[in-house]
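[1] Need coordinates for the following:
(chains A and B)
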2 protein chains.
Amino acid sequence: MIEETKQVIDSEITILQDGDVASPNGYTASGIHVGLRRAKKDFGWLYSSNPAQCAAVYTQNAFKAAPLQVTQASLNVSKQLSAVVINSAIANACTGERGLRDAIQTKKWISEKLQLPEHEIAVASTGLIGEFLPMDKIKYGVEHIDIEGATCSKDFNESILTTDKETKHIAVQVTIDGEVITVGGSSKGSGMINPNMATMLGFMTTDANVQAEDLEDILKPTVDDTFNMITVDGDTSTNDMVLLLANGMVGKQQLTKEHPEWHKFVEAVRYVCEHLAKSIAQDGEGATKLIKVEVEGAISKEKNNAIAKTIVGSSLVKTAIHGGDPNFGRFVTAIGYADNTISPNNVDVWLCDHLIVKQGMPVPFDALDLKANMEQDTIVIKAKVGNGLFKSTAFGCDLSYEYVRINALYST
Amino acid sequence: MIEETKQVIDSEITILQDGDVASPNGYTASGIHVGLRRAKKDFGWLYSSNPAQCAAVYTQNAFKAAPLQVTQASLNVSKQLSAVVINSAIANACTGERGLRDAIQTKKWISEKLQLPEHEIAVASTGLIGEFLPMDKIKYGVEHIDIEGATCSKDFNESILTTDKETKHIAVQVTIDGEVITVGGSSKGSGMINPNMATMLGFMTTDANVQAEDLEDILKPTVDDTFNMITVDGDTSTNDMVLLLANGMVGKQQLTKEHPEWHKFVEAVRYVCEHLAKSIAQDGEGATKLIKVEVEGAISKEKNNAIAKTIVGSSLVKTAIHGGDPNFGRFVTAIGYADNTISPNNVDVWLCDHLIVKQGMPVPFDALDLKANMEQDTIVIKAKVGNGLFKSTAFGCDLSYEYVRINALYST
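    Residues are numbered from 1 along each chain as shown, chains lettered A, B, ... in the order given. Next up, the predicted model:
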């Protein structure tokens, strides 16, 4: 996992030690075991003591799981959420009308238990596709939601995992108008690690006083630059969702786009997104190395992003990194098919800070030194593909025997 | 390799036993060892005794290798070719001005040796990216081109390989206006099997009397439906090229699109393309199984093709097939992100002729029988995704430990 000691990043953002989705004021989160998984926690909840403004992004997959549809319906009413309830093990995707009814029923039970309007409740699921939720266990879980007693956000972070090896969480603080604002987040892993495991869930919270419309304005582009720039195997799941909640517990005045320090808030959200995204890539199925790809110079943001993501997603690049092979040909090939409008003569590539391609052609490098650098846990590939001003960063992981083993030797 | 006995396919197309690019009248092909590879043949030539009309398609990669640029320059003059000369082992890609000069020099030498105009000569290379051709060996090869003595097209088929396990070739015959027309082809493998190995070369010949413009009209859509519908690892190489030559040795009258039996010729070309494409997929790096994906029902040809190719290219589908796992969730997920405009309720999926998904939801199937079927060499996945009239077929292979081993354990 990424190091998380309390540290000041750039004199504006401070990272909280062991921070997560429950770090901002007014939120609690916890989780329990209800029997969906054998022994691990599998049912979690996040609660805000007053209704939080909310922005959301969902999977682009045509097979959008039932809980996403039900959450979307909630947010369509007032863009406010007080509770988010998540189960792991079963995705409630490809479950038709019955799946929808189950998700709606879950929302009703939560509404009764917590005395909340239904439209202030979001539900999320992750796990096997094509199986129905065992509603007795879900009901048991809802009955045991406890928002006032001893809650433990570490249990929440665990309850949303499927076969992730590590929990993924962070919280940061920025000071705006002399008030400390906290942004926190927890997420689950990207691998469709066991067959049909649904991919990526991200929950972010803040105590800043921000309206849903302003949250929406920053969430989509930030997700595009972070969560959408990671890839493990290129498969987009049925259950991907990212939520950003702002409950306004800090800040008497509303914080808006017009505020001179708005950029601090945006940076804090971006920092949290990037950390969670990077953690997901690092914990990808069978991963032994984190791959970071930085690209600049394409003629549009889209093309620049596409090049970065194509490099980090290429099976040939992923296996080369796995094998510690400084294989320049695979990088330029990926660049060339990601954007066939670039001019090869303008392409430079660095691997672990060694220049390996200059103006589209290989150049001599210190092979021994580079080989040694490629044994590090994080491999950085940089590419300059032209004179455009755009910059993109993508994260991924290597492709290992373990990936094939995990995904081939499972029996449905 | 696909079975190739002489057989009648549909009362119109006859397959020649051991046919290849030299089967049509007026063509010879052969190959020798010039020292680019350790011991295997590495230098081949295809010759037509009179200038053949020619259509070509090239890689879409921005890094287009030097020999492709030089061949394109030839065809821009008169769309006629008399000789195609190929070397393996070195791709002459990412070699800048010097690479271009080397390819032009090669063409000049061939022109002198064979007493042909330079624009009737095509050159092709496949192998390591970023290395210069050793021109002494190329010159030796050109000096030893023999178009009249004992030629052996089997040697040609071998000389164009890199680390393909098998040669790939076929020839078929159709009768048009009472005359037997032959269409032949030879190709090399799709795997960027060793690092930087350039991908796919396809050479097709016919003795039909067809103009280049008509050849172009059929080559592009046929390649789109065949060569462009296979994937091994999704990486598009710098050196991909397909040529179709027609030397008019058979047929006093020109065969044109207006001819009532034109469709027979089109079908013959398509049959050859599909066979070569399928052979490439089957011999993909580390492949143990051929995967055939048939999709119908999307709202456009492009979307239909994209769905088929996404399924066959998904790492999760490829590992599931490798492990013999009837994992319906991976198929629907791939369909759903290939085309997010489809309606899940309209999606049915069959695996080895077992219905596993009906109207977007899993259905019970005979697991034992299906598991047994999944041990066959060819796995067929069929999907109906709507009511559109389009049909697409894509070919690929499973993702094995061997793929990772081949691609990770290579040392540049």
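
[2] where does A:His259 fall, phi/psi-wise?
    phi -60, psi 140 (degrees, to the nearest 10).

[3] what's around it, how many residues?
    17 (other CB atoms under 10 Å in any protein chain shown). Backbone N, C-alpha and C define where each C-beta goes, glycine included.

[4] go on, A:Leu36?
    As a burial measure, A:Leu36 scores 22 neighbours (other CB under 10 Å).

[5] Please tell me how far A:Asn50 sits from chain B.
    Here the criterion is CB to the nearest CB, to the nearest Å. By it, A:Asn50 lies 36 Å from chain B.

[6] residue contacts, that residue?
    Applying CB atoms under 8 Å, 6 or more residues apart in numbering or on different chains, one finds that A:Asn50 lies in contact with A:26, A:82, A:247-249.

[7] try A:Val295
    A:Val295 neighbours (CB under 8 Å, 6+ apart): A:304-305, A:307-308, A:311, A:382-385, A:391-394.

[8] Could you tell me the phi and psi values at the nearest residue to A:Glu274 once chain neighbours are set aside?
    Sequence neighbours aside, A:Thr226 is the residue nearest to A:Glu274 in space, at 4.7 Å (criterion: CB to CB, 6 or more residues apart in numbering or on different chains). Main-chain torsions, A:Thr226, degrees, to the nearest 10: phi -120, psi -80.

[9] Hmm, A:Thr226 is touching A:Tyr271, no?
    No: the pair A:Thr226 / A:Tyr271 is not scored as a contact, 9.4 Å apart, by CB atoms under 8 Å.

[10] Out of those two, name the residue with the larger neighbour count.
    Counted by other CB under 10 Å, A:Thr226 and A:Tyr271 do not tie: A:Thr226 has more neighbours, with 25 against 22.

[11] got a list of what the more buried one touches?
    Counting by CB under 8 Å, 6+ apart, A:Thr226 touches A:270, A:273-274, A:276-277.

[12] In this structure A:Ala55 contacts A:Ala212, no?
    Yes: the pair A:Ala55 / A:Ala212 is scored as a contact, 5.9 Å apart, by CB under 8 Å.

[13] which neighbours do those two share?
    The contact sets of A:Ala55 and A:Ala212 overlap at A:Lys79 (CB under 8 Å, 6+ apart).

[14] With neighbour numbers in mind, choose between those two.
    Each of A:Ala55 and A:Ala212 has its neighbours counted (other CB under 10 Å); A:Ala55 has more, 26 against 21.

[15] how much space between the more buried one and A:Pro221?
    Separation of A:Ala55 from A:Pro221 (CB to CB, to the nearest Å): 11 Å.

[16] next one: A:Val349
    Distance, A:Val349 to A:Pro221, by CB to CB: 27 Å.

[17] cool, A:Asn76 as well?
    Counting by CB to CB, the gap from A:Asn76 to A:Pro221 is 22 Å.

[18] If you count surrounding residues, which of those two has more?
    For A:Asn76 versus A:Pro221, neighbours defined as other CB under 10 Å are more numerous around A:Pro221 (13 against 9).

[19] Now that we're looking at A:Gly191, what pLDDT does it have?
    At A:Gly191, the pLDDT value in this model is 60.

[20] Could you do the one 3 residues further on as well?
    At A:Asn194, the predicted lDDT confidence score is 37.

[21] and A:Lys165, that's in a helix?
    No: per DSSP: H, G, I helix; E, B strand; the rest coil, A:Lys165 lies outside any helix segment and is coil.

[22] and it, what does it touch?
    For A:Lys165, the contact set (CB under 8 Å, 6+ apart) comprises A:189, A:283.

[23] Low-confidence regions, the stretch 101-250 of chain A specifically.
    Scanning the stretch 101-250 of chain A for pLDDT under 70 picks out the ranges A:190-199, A:234.

[24] brain fart, the stretch 251-400 of chain A
    Scanning the stretch 251-400 of chain A for pLDDT under 70 picks out no residues.

[25] can we see that at 90?
    Across the stretch 251-400 of chain A, the ranges flagged by pLDDT under 90 are A:251-253, A:280-287, A:313-316, A:318-320, A:323-330, A:333, A:337, A:340, A:367, A:396-400.

[26] Going by residue numbers, what spans are helices in it?
    Secondary structure of the stretch 251-400 of chain A (DSSP state H, counting those that start in this stretch): helices located at A:262-282, A:301-313, A:315-322, A:328-338, A:367-373.

[27] Run through who's touching the last one.
    If I follow you right, that is helix A:367-373. Applying CB under 8 Å, 6+ apart, the contact partners of helix A:367-373 are A:324, A:326, A:351-354, A:356.

[28] From those residues, pick the one nearest B:Lys257.
    Relative to B:Lys257, the closest of the contacts of helix A:367-373 is A:Ile356; by CB to CB it sits at 49.2 Å.

[29] so who does the closest residue to that closest one other than its chain neighbours touch?
    In space, and not counting its chain neighbours, A:Ile356 is closest to A:Phe328: 4.6 Å by CB to CB, 6+ apart. Contacts for A:Phe328 (CB under 8 Å, 6+ apart) come out as A:349, A:351, A:356-357, A:362, B:94, B:129-130, B:412.

[30] mind checking how far A:Phe328 is from B:Leu201?
    In terms of CB to CB, A:Phe328 sits 22 Å off from B:Leu201.

[31] ok, now A:Asn92?
    Relative to B:Leu201, A:Asn92 is positioned 48 Å away (CB to CB).

[32] now swap in A:Met241 and tell me
    Noted for A:Met241: a distance of 45 Å to B:Leu201, by CB to CB.

[33] next one: A:Ser125
    For A:Ser125, the distance to B:Leu201 equals 48 Å [CB to CB].

[34] neighbour count winner among these two?
    Using other CB under 10 Å, the more surrounded residue of A:Ser125 and B:Leu201 is A:Ser125, with 33 against 27.

[35] quick one: secondary structure of that one?
    strand.

[36] what sits against it?
    A:65-67, A:86-88, A:90-93, A:103, A:133, A:198, A:239.

[37] What about those, which are in strands?
    Per DSSP state E, strands hold the following members of these: A:86-88, A:90.

[38] which strand is the longest one in chain A?
    Per DSSP E, chain A has its longest strand at strand A:43-58.

[39] That strand: partners in the sheet, and parallel or antiparallel?
    Sheet pairing for strand A:43-58, assigned by DSSP bridges, gives strand A:27-32 (antiparallel), strand A:80-90 (antiparallel), strand A:241-246 (antiparallel).

[40] Can you tell me what sits against the last one?
    The contact list for strand A:241-246 (CB under 8 Å, 6+ apart) reads A:27, A:46, A:48, A:52-59, A:68, A:71, A:81, A:84, A:122, A:124, A:200-210, A:212, A:215, A:219, A:223, A:227, A:269, A:273.

[41] Give me the neighbour count for the closest residue to A:Leu81 other than its chain neighbours.
    In this structure, A:Leu81 finds its nearest non-sequential neighbour in A:Cys54, 4.5 Å apart by CB to CB, 6+ apart. Using other CB under 10 Å, A:Cys54 is surrounded by 27 other residues.
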